[in-house]
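Engineer: Quick one: sequence plus predicted model below, questions after.
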Amino acid sequence: MDKRIFIGLAWPYANGSLHLGHVSAFIGADILARYYRLAGDRVLFVSGSDCYGTPIAVEAAEKGIQPAEIANKYHEEFRKNLVDGMGFSYDMYTRTTTDQHAKVVQDLFLELHKKGFLYTKTEKALYSPLLERFLPDRFVEGTCPKCGYTGARGDQCDECGTLLDPLELKDPRINPKILNRKGELSDTDRRLEVRESEHFYLKLTALQGALEQWVESTSDSWRANASGFAKSFLKQGLHDRAITRDTDWGVPIPLPGYETKRIYVWFEAVAGYLSASMLWAEEQNTPDEWKEWWQNEEAVHYYVHGKDNIPFHTIIWPAILLAQGALHTPDHIVSSEYLKLEGKQFSKSRGWAVWLPEFLESFDPETLRYFLVANGPETSDANFMWAEYAQRVNGELIGTFGNLVNRTLSIAKSKFPEGLRFPETVDAESAELLAVARDAFPKVGELIEAGKFRAAFRTALEVAEHGNRYINTKEPWKKIKDEMKKDEVEGDLAVLVQVIRSLAMLVNPFLPRTSEKIYGFLGFTAQEQIWKYPEPEAAWKIGDVTPLYRKIEDADIEAQLAKLGKPVAPEEGL
């Protein structure tokens, strides 16, 4: 009770809509936040939109618009889909383009520079005499040195898949798309020169020992994929890494002489966890309160993200924090594996995706929360299949959980409209069922704290399974026909209502809107706000009861399958 729990959720990149793979990596953060609040702890749950980086700048150049227009569009879409749609309970959802974030990043940069963890180094880069600037990799195209494809990008050849450095390209030139003037440039205009450019490097080599010691002492509470990666990466030996780029889209370097360069996204974006915490404190009119989470050894920090973000949360961000020396480092790394769609990888170019905005137009977000916990990529790659989604929602969520709630409360409302009295004594079967509900609270809580969300949810659903067996054995719909057994039926239903009340709390971290509905059925004007088995009420009066969920029909699934494999037409503007 009353611990300080920090939850940092990976910042989605603001250059396109979110798909279900993103949500599968994100959902655990909201489960943690909701659980710990109910457990009586002080939670700070933050994230935001990652708005900088070369892909956004390239897309903006191709469309002839400003990068901020793209970032603004998707930031607002993310807020709507994650907060209003999925019900994520952030304490702060912000963005990396705020002045406040830039100030925090720049202060961190200067602090590490002063301590000797940043240094400058001259390196070769491609320069455009036409544009009078160095070009980032995605602004360059040329001939692939591996396969000879003449349209290879500076970071990768799409023909053979080889990852490239711009300097490896033969005949490097400006990618005409970035000027939105394809066909108007001469070969002379497009030519590039190799020149020297000065950049700042993070001295990771100086932090090798500290990181090894930290990983060894902390990684037992990480997911296996994160622990394995970090230990393997450190074993290979760290190399210093550039943290600035030749671009005008990003956080400016806070030192004179570097006006045409910016702090690179992989350094500044992770600092968003700190800047978001500080922004939250400012907006609470308690500007120093962030320190209760960041300068407190007793605080507990969770970082929740997908597999592709493991390097940044187990090596880069911890290295920055260790170099700074006075801020809390990660305690729990909750890193998911990959989610596939109908057996294939998600692909924007191939139109092989289920986009979150489209999903929310047609389906209940609670069903997605359920499915991605029950069948998501928690510890191994998972596969989203529309037919399985429908089967699991209709069979388990509706058939087991929803069925218990709706048939119990409907019978209670119909046969005992004035209310139910909880019995003074219960029989052995009733006592056993109530014990199952009581014992589930510490079990579910411990599993959530360990990041084992599937097992936690499974434990909660087992209470519903016990409840269904109980009601099938007791058969109140039959006994109620015998006036002599009315008191017995009332007691049995009161026991079931007590179990359903317990379930409303047990599923709250996973299915918050479902929990809210159940409390409404039970006549509560507000949800209970404490994680513990509730002692039975002397009497219950059931309110209006409606189905918790809509059945997923075959036609719904057929319509979704028909959308797959149809690439989305590129937008000309925003």
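Structural biologist: Sure thing, it's come through.

Engineer: for the record, mean pLDDT for stretch 447-461?
Structural biologist: In this model, stretch 447-461 has a mean pLDDT of 98.

Engineer: Pull out the buried residues from that stretch.
Structural biologist: By neighbour count on 16 or more other CB atoms under 10 Å, the buried set for stretch 447-461 is 447-449, 451-454, 456-457, 459-461. All C-beta spots, glycine's among them, are computed from the backbone N, C-alpha and C.

Engineer: what's the spacing between the helix or strand that contains residue 361 and its chain's center?
Structural biologist: Per DSSP states H and E, residue 361 falls inside helix 356-362. Chain-centre distance of helix 356-362: 17 Å, with CA atoms, centre = their mean, to the nearest Å.

Engineer: likewise stretch 325-340?
Structural biologist: Distance, centroid of stretch 325-340 to centroid of chain: 11 Å (CA atoms, centre = their mean).

Engineer: before we move on, back to that, what is the subsequent helix or strand relative to the helix holding residue 361?
Structural biologist: In N-to-C order, the element after helix 356-362 by DSSP H and E is helix 365-374.

Engineer: and the gap between the residue nearest to residue 400 when sequence neighbours are not counted and residue 170?
Structural biologist: Excluding its sequence neighbours, the residue lying closest to residue 400 (CB to CB, 6 or more residues apart in numbering) is residue 464, at 5.6 Å. Computed as CB to CB, to the nearest Å, the residue 464 to residue 170 distance reads 64 Å.

Engineer: between those two, who's got more neighbours?
Structural biologist: residue 464 (23 against 11; other CB atoms under 10 Å).

Engineer: could you say what helices and strands the helix or strand the more buried one falls within packs with?
Structural biologist: Using DSSP H and E, residue 464 maps to helix 453-474. Packed against helix 453-474 by the contact rule (3 or more CB pairs under 8 Å, 6 or more residues apart in numbering; DSSP states H and E) you find helix 20-38, helix 365-374, helix 403-415, helix 428-449, helix 486-506.

Engineer: Quick one, which of those gets closest to residue 343.
Structural biologist: Comparison of those against residue 343 by CB to CB identifies helix 20-38 as nearest, at 13.7 Å.

Engineer: And the helices in the stretch 101-250 of the chain?
Structural biologist: 187-190, 208-218, 224-236 (DSSP state H, counting those that start in this stretch).

Engineer: in this protein, which segments are predicted with low confidence?
Structural biologist: 180-184, 567-574 (pLDDT under 70).

Engineer: Same list (the helices and strands packed on helix 453-474) but as a markdown table, adding distance to residue 244.
Structural biologist: A markdown table is the format used below for the helices and strands packed on helix 453-474 (distance: least, CB to CB, whole Å):
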| stretch | distance to residue 244 |
| --- | --- |
| helix 20-38 | 28 |
| helix 365-374 | 37 |
| helix 403-415 | 56 |
| helix 428-449 | 39 |
| helix 486-506 | 49 |
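
Engineer: out of those, nearest to residue 198?
Structural biologist: Nearest to residue 198, of all the helices and strands packed on helix 453-474, is helix 20-38, at 36.3 Å by CB to CB.

Engineer: for residue 329, helix, strand, or coil?
Structural biologist: Under DSSP: H, G, I helix; E, B strand; the rest coil, the three-state class of residue 329 is coil.

Engineer: Just to check, it is in contact with residue 301?
Structural biologist: Yes - under the criterion of CB atoms under 8 Å, residue 329 makes contact with residue 301 at 7.2 Å.

Engineer: out of the two, which sits in the busier spot?
Structural biologist: The residue with more neighbours, out of residue 329 and residue 301, is residue 301; 22 against 15, by other CB under 10 Å.

Engineer: The more buried one reaches residue 334, doesn't it?
Structural biologist: No - with contact defined as CB under 8 Å, residue 301 does not count as touching residue 334 (10.9 Å).

Engineer: which residues are in contact with both of those two?
Structural biologist: Counting by CB atoms under 8 Å, 6 or more residues apart in numbering, no residue touches both residue 301 and residue 334.

Engineer: The residue nearest to residue 400 and residue 540: what is the separation?
Structural biologist: Counting by CB to CB, the gap from residue 464 to residue 540 is 18 Å.

Engineer: now swap in residue 211 and tell me
Structural biologist: Distance from residue 211 to residue 540, by CB to CB: 56 Å.

Engineer: Contacts only, for residue 233.
Structural biologist: Counting by CB under 8 Å, 6+ apart, residue 233 has contacts 311, 314-315.
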